[in-house]
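> The following comprises the amino acid sequence and a computationally predicted model.
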Amino acid sequence: CENGIVLDGGKSVVKGNYIHDLNDTTGEPHYDGIAVQGGQDDVLIEGNTVIAWDTSAIFVKADGGNINNVRIIGNLLKCQSATKKYAAAIYVYGKPNGYARNVQIKGNVCEAGAYKYTFSVEGDTAGLVISGNTDLNNKPVS
């Protein structure tokens with residue numbers, strides 16, 4: 001499948017999943033392990049292992065409206081392979097159709113993406129907190 005889990009509005013908990021080997025042979029896929037794409041309020045993404053490629057392991061973008069209070073805590077986020085890497089482990093985009101506010105990214109173990117960065121943040125992301133995250137070698141990342 002193109003995306004492991006896609007949330008559809010409201011309050012959600014995504015916990016304890018193993019997402020891997022994303023693949024889709026139709027169209028022009030946009031691969032994400034876990035996608036939060038608008039209309040969500042109060043989301044917990046915790047304790048997951050996501051092995052992804054193309055775009056991200058966790059994608060938070062206000063495509064379908066405002067996003068508020070997303071907690072991304074204690075996940076293992078890795079690229080699928082040396083040749084199939086994601087752009088960033090976690091995207092937080094407060095655009096184009098709303099904001100992504102009060103997102104917390106804490107205590108995750110993240111592999112940097114193809115462009116050598118771990119997180120990509122743009123747009124209205126007021127209240128964003130990034131802390132206590134490490135790379136695969138236990139070195140802090142921000």
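Now that the structure is in, tell me what you want to look at. The shown structure was predicted, so the numbers you read here are calculated from the model rather than taken from an experiment.
> center of the protein - which residue?
In the chain, the centroid-proximal residue (CA atoms, centre = their mean) is residue 58; its distance is 1.5 Å.
> Give me the pLDDT for that one.
On the pLDDT scale, residue 58 is placed at 98.
> Now stretch 17-25: buried residues?
17, 19, 22 (16 or more other CB atoms under 10 Å). (Glycine included, C-beta is placed from N, CA and C.)
> list the contacts for the second one?
Contact partners of residue 19, counting by CB atoms under 8 Å, 6 or more residues apart in numbering, are 4-5, 33-34, 48-52.
> picking that back up, nearest to residue 139 among the buried residues of stretch 17-25?
residue 19 (24.2 Å; CB to CB).
> if we can go back for a sec, mind listing which of the buried residues of stretch 17-25 are in helices?
Of those, none are assigned to helices by DSSP state H.
> Show me the residues you listed that map onto strands.
residue 19 (DSSP state E).
> re the thing from before, element containing the residue nearest to the centre of the chain, please.
Secondary structure assignment for residue 58, by DSSP states H and E: strand 54-62.
> same question, residue 12
Secondary structure assignment for residue 12, by DSSP H and E: strand 10-15.
> send the alpha carbons of that strand over as PDB?
What follows is strand 10-15, C-alpha atoms only, in PDB (Å, rounded to 0.1, in the frame of the first residue of the first chain):
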ATOM      1  CA  GLY A  10     -11.200  13.600  15.200                       C
ATOM      2  CA  LYS A  11      -9.300  12.000  18.000                       C
ATOM      3  CA  SER A  12      -7.000   9.000  17.300                       C
ATOM      4  CA  VAL A  13      -4.400   6.700  18.900                       C
ATOM      5  CA  VAL A  14      -1.800   4.900  16.700                       C
ATOM      6  CA  LYS A  15       0.200   2.700  19.000                       C
END
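> Note down every partner strand of that strand and its orientation.
strand 40-46 (parallel) (DSSP bridges).
> Just the buried residues of the strand it pairs with, please?
Within strand 40-46, the residues scored as buried using 16+ other CB under 10 Å are 40, 43-46.
> chain center to that strand: distance?
Distance, stretch centre to chain centre, for strand 40-46: 12 Å (CA atoms, centre = their mean, to the nearest Å).
> Could I get the CA-only coordinates of that strand as CSV?
Output of strand 40-46 as CSV, limited to C-alpha atoms (Å, rounded to 0.1, in the frame of the first residue of the first chain):
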residue,chain,number,x,y,z
GLN,A,40,-7.5,16.0,13.5
ASP,A,41,-7.6,17.1,17.1
ASP,A,42,-5.9,15.1,19.9
VAL,A,43,-3.8,12.4,18.2
LEU,A,44,-1.3,10.1,19.9
ILE,A,45,1.3,8.3,17.8
GLU,A,46,3.4,6.3,20.2
